[in-house]
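> Structure for this input, please:
(4 chains)
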There are 2 protein chains.
Amino acid sequence: MARGRTDTKTRLMDVAEKLFADHGFDGVSLRRITTEAGAQLAMVNYHFGTKRGLLEAVIARRIEVLSEQRVRLLEDLEAAAGDGPLPLEDVVAAFIGPYYRLSSNGGRGWKNYGRLVAQGANSRALIQHGLSNLFDPVAKRFIAAFQRALPERSEEQVVWGFHFLMGTMLYMFAETGRIEKLTGGKYRSGDLDAMYAHVVPFLAAGFRACEAQVQRQAS
Amino acid sequence: MARGRTDTKTRLMDVAEKLFADHGFDGVSLRRITTEAGAQLAMVNYHFGTKRGLLEAVIARRIEVLSEQRVRLLEDLEAAAGDGPLPLEDVVAAFIGPYYRLSSNGGRGWKNYGRLVAQGANSRALIQHGLSNLFDPVAKRFIAAFQRALPERSEEQVVWGFHFLMGTMLYMFAETGRIEKLTGGKYRSGDLDAMYAHVVPFLAAGFRACEAQVQRQAS
DNA sequence: AACCGAATTATACGAACGTTCAATCAAATT
DNA sequence: AATTTGATTGAACGTTCGTATAATTCGGTT
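Take a look at the predicted model:
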């Protein structure tokens, strides 16, 4: 159709992505989504079956891109490392870097997705409900990769480190605007370049921390 | 009224806290809240004015407790430090420790609050809207305290470190259950004792990490 | 030229929503 | 004993919600 540059199905996902991120899943009506997308109300049920189906389609199309890039970078690392340990900073970058680049240069949709997924990731409703099956296999691969990057660390330390990394990453790409309020606008939560430059060494140092402390106490 | 052990106003806040955390603000109706609280529908508007007023009351009563404890611990640190620098681990513990202890031993309400605030903190709607004014003054004090604990680090590094700490903390107390799924139940996101033991050295090491290297954005 | 199936339109349905308000209750105060 | 006041009840308001369905459009195949 000539209603917009893209087809109806894509426009619906784009608008829903933004509005879900702004107001939450139940905070937006299908009427508002279809109106802002220039489509008829019934098109959501036609293309996605149900409102929840629309949400899942919105999330799935981004996770697939993200997972593919993460896995590809990790496989490159594994190929380059041979039998040796993986470089820790590179594993962190392989996980967060794709998200960083897509959020920076992937268009407005990725910004909306970042805010949406930061809310959804913190609610059990979405996690338990199949949507995370698109994410979990990749996450498991990265936990194993972090263990390979930190061969002297216990599994426990690596698992919790990955947990802290998840929280940091989700909050980072949510771009909540809180840091602006706290610093009077001097630092901006949308300044992903600055944040990414700091977050990789920050998380890598955290991963290495627990054992360093144990070693100090033992020696 | 012998409907419950506590008065209606408190019961409404307790039930709303849990349901808002489970389903989001717009995912729960006042009818469901009042029914589960054993109260009449009109009581929400009577006690809190509006549905949103109920949400704000729910969040405010917890933030006030949290802020008071955080500030008290920080003032103790400042008194003990005199003119010297603050011990970094202690500042981290002064910020996260109260939340950890309340979430562990403060009753089920604090668990619900943790999940609720992790969603709300990632949505601009709540942050821009006055509710964060209860949190921001304390956050500003802690950013200053972190600078005092890291006199050789740039303000920029400290600010971003605090940002990463916020994300880690919010995700930690959301207890999303994701780490169970990723580890087959071997590690549990409700094991706050283990998480807290790891998170303080993790974040402290991140704060101390050397200045961010200038990283080129590659694709 | 007739046809087909996917996409779109227009409309309707029943249910649930937040909010309001007059009436009633129950103590504490006068 | 009468009165006041905050808390609670029960019912209703108009609106909006997600979903379903029959009718219509239209380019590509027959």
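> Just the CA trace of stretch A:155-172, in PDB.
Extracted C-alpha coordinates of stretch A:155-172, given in PDB (Å, rounded to 0.1, in the frame of the first residue of the first chain):
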ATOM      1  CA  GLU A 155      31.800 -21.200  38.200                       C
ATOM      2  CA  GLU A 156      29.900 -19.300  40.900                       C
ATOM      3  CA  GLN A 157      31.900 -16.200  40.400                       C
ATOM      4  CA  VAL A 158      31.500 -16.300  36.600                       C
ATOM      5  CA  VAL A 159      27.700 -16.900  36.900                       C
ATOM      6  CA  TRP A 160      27.200 -13.900  39.200                       C
ATOM      7  CA  GLY A 161      29.400 -11.800  37.100                       C
ATOM      8  CA  PHE A 162      27.300 -12.600  34.100                       C
ATOM      9  CA  HIS A 163      24.200 -11.700  36.100                       C
ATOM     10  CA  PHE A 164      25.700  -8.300  37.000                       C
ATOM     11  CA  LEU A 165      26.700  -7.800  33.400                       C
ATOM     12  CA  MET A 166      23.100  -8.400  32.400                       C
ATOM     13  CA  GLY A 167      21.700  -5.800  34.700                       C
ATOM     14  CA  THR A 168      24.300  -3.200  33.700                       C
ATOM     15  CA  MET A 169      23.600  -3.800  30.000                       C
ATOM     16  CA  LEU A 170      19.900  -3.700  30.300                       C
ATOM     17  CA  TYR A 171      20.000  -0.400  32.200                       C
ATOM     18  CA  MET A 172      22.600   1.000  29.800                       C
END
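> tell me which residues in it are buried?
By neighbour count, with 16 or more other CB atoms under 10 Å in any protein chain shown as the criterion, the buried positions of stretch A:155-172 are A:157-172. Quick note: C-beta positions are derived from backbone N, CA and C, even for glycine.
> In helices, which of those residues fall?
A:157-172 (DSSP state H).
> ok, so of the buried residues of stretch A:155-172, who is nearest DNA strand D?
residue A:170 (25.0 Å; CB to the nearest atom of the strand).
> So what does the residue nearest to the closest one when sequence neighbours are not counted look like in phi/psi?
Take residue A:170 and drop its neighbours on the chain: the residue closest to it by CB to CB, 6 or more residues apart in numbering or on different chains is residue A:118, 4.5 Å away. Phi and psi for residue A:118, reported as degrees, to the nearest 10, are phi -70, psi -30.
> What distance do you get for residue A:118 to residue B:86?
Remark: distance between residue A:118 and residue B:86 (CB to CB, to the nearest Å) = 30 Å.
> So for the two, which residue has more residues nearby?
A count of neighbours by other CB atoms under 10 Å in any protein chain shown puts residue A:118 above the other of residue A:118 and residue B:86, at 27 against 21.
> Is it correct that the more buried one is in contact with residue A:171?
Yes. Between residue A:118 and residue A:171 there is a contact under CB atoms under 8 Å: 6.5 Å.
> picking that back up, please list all residues in contact with the residue nearest to residue A:170.
Going by CB atoms under 8 Å, 6 or more residues apart in numbering or on different chains, residue A:118 touches A:170-171, A:173-174, B:122.
> how about the residues of chain A that lie near DNA strand C?
A:1, A:3, A:7-9, A:39-43, A:46-47 (CB under 7 Å from any atom of the strand).
> what's the burial count for residue A:132?
Using other CB under 10 Å, residue A:132 has 20 other residues around it.
> Check residue A:133 too.
10.
> Could you report the pLDDT at it?
You'll see residue A:133 listed with a pLDDT of 84.
> What are the structural domain limits within chain A?
A:1-49, A:60-218 (automatic domain parsing).
> among these, which is the most enclosed?
domain A:60-218 (a mean of 19; mean count of other CB atoms under 10 Å in any protein chain shown).
> does DNA strand D sit close to it?
No. Domain A:60-218 lies apart from DNA strand D when judged by CB under 7 Å from any atom of the strand; the minimum separation is 14.3 Å.
> Identify the residues contacting residue A:195.
Counting by CB under 8 Å, 6+ apart, residue A:195 touches A:172, A:189, B:160, B:163.
> Give the other helices and strands that the lengthiest helix in chain A contacts.
The longest helix of chain A (DSSP H) is helix A:51-81. Counting contacts by 3 or more CB pairs under 8 Å, 6 or more residues apart in numbering or on different chains; DSSP states H and E, helix A:51-81 packs against helix A:8-23, helix A:42-48, helix A:88-105, helix A:108-120, helix A:136-149.
> So which other helices or strands are in contact with the last one?
If I follow you right, that is helix A:136-149. Using 3+ CB pairs under 8 Å, 6+ apart, helix A:136-149 is in contact with helix A:51-81, helix A:88-105, helix A:155-174, helix B:178-183.
> Low-confidence ranges, chain A, go.
A:1-5, A:122-128, A:210-219 (pLDDT under 70).
> Where does it get nearest to DNA strand D, residue-wise?
Counting by CB to the nearest atom of the strand, chain A gets nearest DNA strand D through residue A:29, at 2.9 Å.
> so who does that residue touch?
Residue A:29 touches nothing, counting by CB under 8 Å, 6+ apart.
> Same question for residue A:155.
So residue A:155 contacts residue A:147 (CB under 8 Å, 6+ apart).
> mind redoing it with 10 Å?
Neighbouring residues of residue A:155 by CB atoms under 10 Å, 6 or more residues apart in numbering or on different chains: A:143-144, A:146-147, B:183, B:186-187.
> and if you look at residue A:184?
residue B:140.
> Might one say that residue A:48 is in contact with residue A:13?
Yes. Residue A:48 is within contact range of residue A:13, at 8.5 Å (criterion: CB atoms under 10 Å).
> Overlap in contacts, the two.
Residues touching both residue A:48 and residue A:13 (CB under 10 Å, 6+ apart): A:54-55, A:57-58.
> farthest pair in these?
Spatially, the most separated pair among the shared contacts of residue A:48 and residue A:13 is A:55 and A:57, at 7.3 Å (CB to CB).
> neighbour count winner among these two?
residue A:55 (20 against 17).
> Leaving out sequence neighbours, find the closest residue to the more buried one.
In space, residue A:55 is closest to residue A:25, 5.9 Å off (CB to CB, 6+ apart).
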